[in-house]
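My questions concern the predicted model and sequence given below.
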Amino acid sequence: MRSAARVTDGPPSRIGWLPPFLVAAAAAVATEVAVSILLYGGAAFVRSLTTILATAGVGFGVGLWSVASADDQLVDRLRRRWVFALVAFLLAAVFGSAWSLYEPLGSARWGQGAGLALLAALPLYASGAVLGGIAVAARTDPGGRLSSPAAAAAVGATVGIVVTGYLLPRAPMPASLLVGCVVLLSLGGMIFGGVLGVRTEVEEVARRPGRPSDVVVQEVRRAVDDLAIRELLEGEQLRRSMPLEESRSAPWDVAATRILLPDLDTPARFVFVGSGPSSAPHAAIREHPLVVVDVLERTAATVELGREWFSTELRIGSGDRLRVSGGNLDDSIESLEAGFDVLVVDTRGIGPIGGVYGLSARSREALVRKLSPGGLVVWGPGAPEVGEPEKPDGWSSASYVRGAGTLEDEYLTFVRESADGDWPDGFDGFASR
């Protein structure tokens, strides 16, 4: 079956490495500039290299330690961290310039402390916070489009050290290099805004306990692809997905059901297996006055969440022309009355029990035996790990039918031939397809 990752994955961002590269380069520049100003700026300045490097290292470590939590507010917090980094480097540039121009500022102890805080601790803390947030965004991206920033940050820090060593003796004042860091961070922030557009955001909106796994409804969004869908998962198995915005294309089982509906004056019985979160059963009843529907579902929670979040209008129990059974599928199939005309098997719906072959041999034989002569079976969507269901003796098979623009785009039909090889009354429209 298809998991959520199959829906949300895609190629990685080609420029995702550049923002951490620029941030690490700016951090390296800030460290060297802080050392040059605090250690060599004048007789009254800080004379301990260990103190300067320790202050910068602690600031950077605390920034990494304060990484943003991975929730639906992560992107907003990342943007705020980036703005804070710009402010921190701008303050460092202003303070470093003032200290270089006004030497008495460094003669007092409070001035030396302020220099350590604004030139060493604050810029490195801001850089660590941004890099930590980028790492969390990459690690928690369900689509896997963002790569780890570690390698890019290491290379960026190396390049920053080399470039600073070359430019520092030639700069009119060391703090002027911090202005260049502000430019680098601004460029990195603009690029990272585009990088965040390829990140997949997943928000869980509902959960019900189920057997053996919980049933979850989540909303998946990705700005770069205009992706906005709602998914229902049972454990790792994707049971149903639908666009959050109105779509003209129908899900595969709704499209198949409409094709299989007979003439309006021809009664028919439909059986849906694993379609608890599907709107196809109710579509059959709504669009045909003489259709009777049975829905066989394993988990009551799936039916409940399907009704609440996917507008299926199904609930466990029996109605006028609709019966929904929940529980063991083998028992539900055994109690099913013979003589139905159309069988729709959602292979994802029975994926948690092993797919088509998760049903007992007796149940598979019962479904075939209870189907009317000339009846039809629809398996869908395709389940490659289960394999294409074998065609029973005396049956003919249609080719894969693809629904253009649907999220689940293929299903396979089998046709059980009647004794004289004719199609049943009312199904001629499908026979001609």
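Happy to help now that I have it. Numbering: from 1, shown residues only.

And the host helix or strand of residue 258, what does it pack against?
Using DSSP states H and E, the element containing residue 258 is helix 252-260. Packing partners of helix 252-260 (3 or more CB pairs under 8 Å, 6 or more residues apart in numbering; DSSP states H and E): strand 268-273, helix 280-287, strand 340-346, strand 371-380, strand 410-416, helix 428-431. The way it works is simple: take the backbone N, C-alpha and C, and place the C-beta from them, glycine included.

Of the ones you listed, which shows the lowest average pLDDT?
Among the helices and strands packed on helix 252-260, helix 428-431 carries the lowest mean pLDDT, a mean of 29.

Out of the helices and strands packed on helix 252-260, which is closest to residue 334?
Among the helices and strands packed on helix 252-260, strand 268-273 comes nearest to residue 334, with 13.0 Å by CB to CB.

Note down every partner strand of that closest one and its orientation.
strand 291-297 (parallel), strand 340-346 (parallel) (DSSP bridges).

for those strands, which one sits closest to residue 26?
Ranking those by distance to residue 26, with CB to CB as the measure, places strand 340-346 first at 52.8 Å.

what distance separates that closest one from the middle of the whole chain?
Offset of strand 340-346 from its chain centre (CA atoms, centre = their mean, to the nearest Å): 32 Å.

Can I get stretch 113-124 in PDB? Just the C-alpha atoms.
Only the C-alpha atoms of stretch 113-124 are listed here, as PDB (Å, rounded to 0.1, in the frame of the first residue of the first chain):
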ATOM      1  CA  GLY A 113      31.700  42.900  29.100                       C
ATOM      2  CA  ALA A 114      29.400  44.500  26.500                       C
ATOM      3  CA  GLY A 115      32.000  43.900  23.900                       C
ATOM      4  CA  LEU A 116      32.100  40.200  24.700                       C
ATOM      5  CA  ALA A 117      28.300  40.000  24.700                       C
ATOM      6  CA  LEU A 118      27.600  42.000  21.600                       C
ATOM      7  CA  LEU A 119      30.700  41.000  19.500                       C
ATOM      8  CA  ALA A 120      31.200  37.400  20.500                       C
ATOM      9  CA  ALA A 121      28.200  35.900  22.300                       C
ATOM     10  CA  LEU A 122      25.200  37.400  20.600                       C
ATOM     11  CA  PRO A 123      26.100  36.900  16.900                       C
ATOM     12  CA  LEU A 124      27.200  33.300  17.600                       C
END
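
need the helix or strand of this structure with the lowest average pLDDT.
helix 428-431 (a mean of 29; mean pLDDT, DSSP states H and E).

If I take the helix holding residue 258 and strand 291-297, what angle do their directions form?
Interaxial angle, helix 252-260 versus strand 291-297 (axes from the mean of the first three to the mean of the last three CA atoms, to 10 degrees): 150 degrees.

Helix 252-260 to strand 371-380, inter-axis angle?
Going by the same axes, to 10 degrees, helix 252-260 makes 140 degrees with strand 371-380.

and the angle from helix 252-260 to helix 280-287?
Inter-element angle recorded for helix 252-260 and helix 280-287: 40 degrees (by the same axes, to 10 degrees).

Report the separation between residue 316 and residue 323.
Distance check for residue 316 against residue 323: by CB to CB, to the nearest Å, it reads 10 Å.

okay, the two: which has more neighbours?
Higher neighbour count among residue 316 and residue 323: residue 323, with 19 against 16, using other CB atoms under 10 Å.

and the more buried one, bridged to which residues?
Legend: beta-bridge partners of residue 323 under DSSP bridges are residue 294, residue 318.

ok, it to residue 317 distance?
Residue 323 is 8 Å from residue 317, by CB to CB.

ditto for residue 168
Separation of residue 168 from residue 317 (CB to CB): 78 Å.

These two: who's more crowded?
residue 168 (16 against 11).

residue contacts, the more buried one?
When the contact criterion is CB atoms under 8 Å, 6 or more residues apart in numbering, the partners of residue 168 are 32-33, 36, 174, 177.

Which pLDDT value goes with it?
At residue 168, the model reports a pLDDT of 83.

State the mean pLDDT of the longest helix seen in the chain.
Identified as the longest helix of the chain according to DSSP state H is helix 74-101. The average pLDDT within helix 74-101 is 85.

Tell me the buried residues in the helix or strand following it?
Heading C-terminal from helix 74-101, the first helix or strand you meet, by DSSP H and E, is helix 109-115. Residues of helix 109-115 classed as buried: 111-112, 115 (neighbour count, 16 or more other CB atoms under 10 Å).

wait, which of these is closest to residue 26?
residue 115 (18.7 Å).

Setting aside sequence neighbours, what's the nearest residue to that closest one?
residue 38 (5.6 Å; CB to CB, 6 or more residues apart in numbering).

you'd agree that neighbour is in a strand?
No: applying DSSP: H, G, I helix; E, B strand; the rest coil, one finds residue 38 to be helix, outside a strand.

thought it was touching residue 120?
Yes: between residue 38 and residue 120 a contact is recorded at 7.0 Å, counting by CB atoms under 8 Å.

where do the contact lists of these two overlap?
Contacts common to residue 38 and residue 120, judged by CB under 8 Å, 6+ apart, are residue 52.

quick one: stretch 18-27 to chain centroid distance?
Distance of stretch 18-27 from the chain centroid (CA atoms, centre = their mean) equals 27 Å.

quick one on the thing from earlier: nearest to residue 155, of the contacts of residue 168?
Taking CB to CB as the measure, residue 155 sits nearest to residue 32 out of the contacts of residue 168, at 16.7 Å.

Neighbours of that closest one, how many?
19.

Skipping its backbone neighbours, what lies nearest it in space?
Among residues not flanking residue 32 along the chain, residue 164 sits closest, at 4.3 Å (CB to CB, 6+ apart).

Check what contacts the helix or strand that contains residue 53 and list those residues.
Per DSSP H and E, residue 53 falls inside helix 49-65. By CB under 8 Å, 6+ apart, the surrounding residues in contact with helix 49-65 are 27, 30-31, 34-35, 38-39, 46, 116-117, 120-132.

buried ones in it?
Along helix 49-65, these residues count as buried under the neighbour rule (16+ other CB under 10 Å): 52, 55-56, 59-60, 63-64.
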